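K.L.:
this is the structure alone, sequence omitted:
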């Protein structure tokens, strides 16, 4: 027996083992890419982009940082769903709505100075101002948020309209407005549209009282809204803010508001009257300086321009309104001018406006 002879083992082929076939070369992508600025490097997703959408939504709701969706297009797309934007609006306004939704300011009885006691007024005015100033904010999203909040609240909310129900019935205003027997709000958009329709119909009520409490008293009117141009969607937001006691801040001067005033004559009669009334109610013509440049507007034929305001005619905004009424008197319903007869900016008598039009004093 030969003990020194080597045994021959059977070879077993294992995938991936053994020598490679001739002619195969490993691909090296880095060697084919140019060096320097022209080289494109594939970037992976950031860690925050790898988070689930639900986590991103919670981050935005808890941080209240509305610039977070701008971190990347992917995050912005995932945080732009209508239902989530409505949830964001609810988070901003729910504390105020819980106390005052459906109430008229004129009928609220509380301690002296309750409206200006902003520290005890529910809601965060800074967060509410940021939400209203967002590009995505519209009245449709707001009404969707209100309806969601009313369902979550699980109790009927009494909604008192600005116009007395008996007077509205006599004028036929309640015929098209579907409300249940307890005067509860069933759809926020329907109630808002009714208020707006009544407001822009001057023959119904010469001087409506439209002060509600759906926002914090210190909410800021967006700068982009005041400077125009005036679209239907922006007019609805302006009316809602005016209806809820929004006022012009000290740092929102005439330079910001002047372009919006310039754009008024490009509107139809009802829209122009709505803008002027809202600006007056917001005290937009307060503290305009005497050295302000003349305000140029187009005439009603649109083929020329003329000076509406002279620099030496501006005294606390009163002459601004008078000149504005003069320029618009042929384009307004007479009842619009009658509404402004007793305001702080005018000294006309109502009969003079309705009979003779506006005269410059």
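P.N.:
That came through fine. Remember, it's a predicted structure, so these values are computed and weren't measured experimentally.

K.L.:
mind listing the helices for the stretch 151-300 of the chain?
P.N.:
Assigned by DSSP state H, counting those that start in this stretch, the stretch 151-300 of the chain shows helices spanning 165-170, 188-199, 223-226, 232-243, 254-262, 269-281.

K.L.:
mind checking the ones you listed for the one nearest to residue 84?
P.N.:
helix 188-199 (18.3 Å; CB to CB). All C-beta atoms are positioned from the backbone trio N, CA, C, and that covers glycine.

K.L.:
and the closest one, what other elements does it pack with?
P.N.:
helix 139-153, helix 232-243 (3 or more CB pairs under 8 Å, 6 or more residues apart in numbering; DSSP states H and E).

K.L.:
could you dump the helices of the stretch 151-300 of the chain to a markdown table with mean pLDDT?
P.N.:
Compiled in a markdown table, the helices of the stretch 151-300 of the chain are given as follows (pLDDT from 0 to 100):
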| stretch | mean pLDDT |
| --- | --- |
| helix 165-170 | 52 |
| helix 188-199 | 84 |
| helix 223-226 | 93 |
| helix 232-243 | 93 |
| helix 254-262 | 85 |
| helix 269-281 | 80 |
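
K.L.:
and those as TSV, adding mean neighbour count and distance to residue 101?
P.N.:
Compiled in TSV, those are given as follows (neighbours: other CB atoms under 10 Å; distance: least, CB to CB, whole Å):
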stretch	mean neighbour count	distance to residue 101
helix 165-170	12	18
helix 188-199	18	9
helix 223-226	16	23
helix 232-243	19	13
helix 254-262	18	29
helix 269-281	20	21
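
K.L.:
redo those helices as a markdown table? Include distance to residue 121.
P.N.:
Compiled in a markdown table, the helices of the stretch 151-300 of the chain are given as follows (distance: least, CB to CB, whole Å):
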| stretch | distance to residue 121 |
| --- | --- |
| helix 165-170 | 28 |
| helix 188-199 | 21 |
| helix 223-226 | 22 |
| helix 232-243 | 16 |
| helix 254-262 | 26 |
| helix 269-281 | 20 |
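
K.L.:
angle of the helix or strand harbouring residue 90 against helix 139-153?
P.N.:
Following DSSP states H and E, one finds residue 90 within helix 82-100. If you take axes from the mean of the first three to the mean of the last three CA atoms, to 10 degrees, helix 82-100 sits at 60 degrees to helix 139-153.

K.L.:
contacts for the helix or strand just after helix 82-100 next, please.
P.N.:
Next helix or strand after helix 82-100 toward the C-terminus (DSSP H and E): helix 125-133. Contacting residues not belonging to helix 125-133 are listed as 64, 66, 88-89, 92-93, 96, 118, 137, 215-224, 237, 241 [CB atoms under 8 Å, 6 or more residues apart in numbering].

K.L.:
let's see it at 7 Å
P.N.:
64, 66, 88-89, 92-93, 137, 215-216, 218-220, 222 (CB atoms under 7 Å, 6 or more residues apart in numbering).

K.L.:
tell me where the model's unsure across the stretch 51-200 of the chain.
P.N.:
163-183 (pLDDT under 70).

K.L.:
domain assignment for the chain?
P.N.:
For the chain, automatic domain parsing gives the domain ranges 50-80, 83-246, 249-361.

K.L.:
endpoints of the shortest one, how far apart?
P.N.:
Just to be clear, that refers to domain 50-80. When the termini of domain 50-80 are compared using CA to CA, to the nearest Å, they are 17 Å apart.

K.L.:
give the buried residues for that domain.
P.N.:
For domain 50-80, a neighbour-count test (16 or more other CB atoms under 10 Å) marks 56, 57, 60, 66, 68, 69, 75, 78, 79 as buried.

K.L.:
ok, the third one touching residue 71?
P.N.:
So the one you mean is residue 60. No. Applying CB atoms under 7 Å as the test, residue 60 and residue 71 come out as separate, 10.4 Å apart.

K.L.:
hang on, the earlier thing: which one of the buried residues of domain 50-80 is nearest residue 257?
P.N.:
For the buried residues of domain 50-80, the nearest to residue 257 is residue 66 (24.3 Å; CB to CB).

K.L.:
hmm, back to that, now tabulate the helices and strands packed on helix 188-199 in JSON lines and tack on distance to residue 266.
P.N.:
Shown next, in JSON lines, are the helices and strands packed on helix 188-199 (distance: least, CB to CB, whole Å):
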{"stretch": "helix 139-153", "distance to residue 266": "21"}
{"stretch": "helix 232-243", "distance to residue 266": "12"}
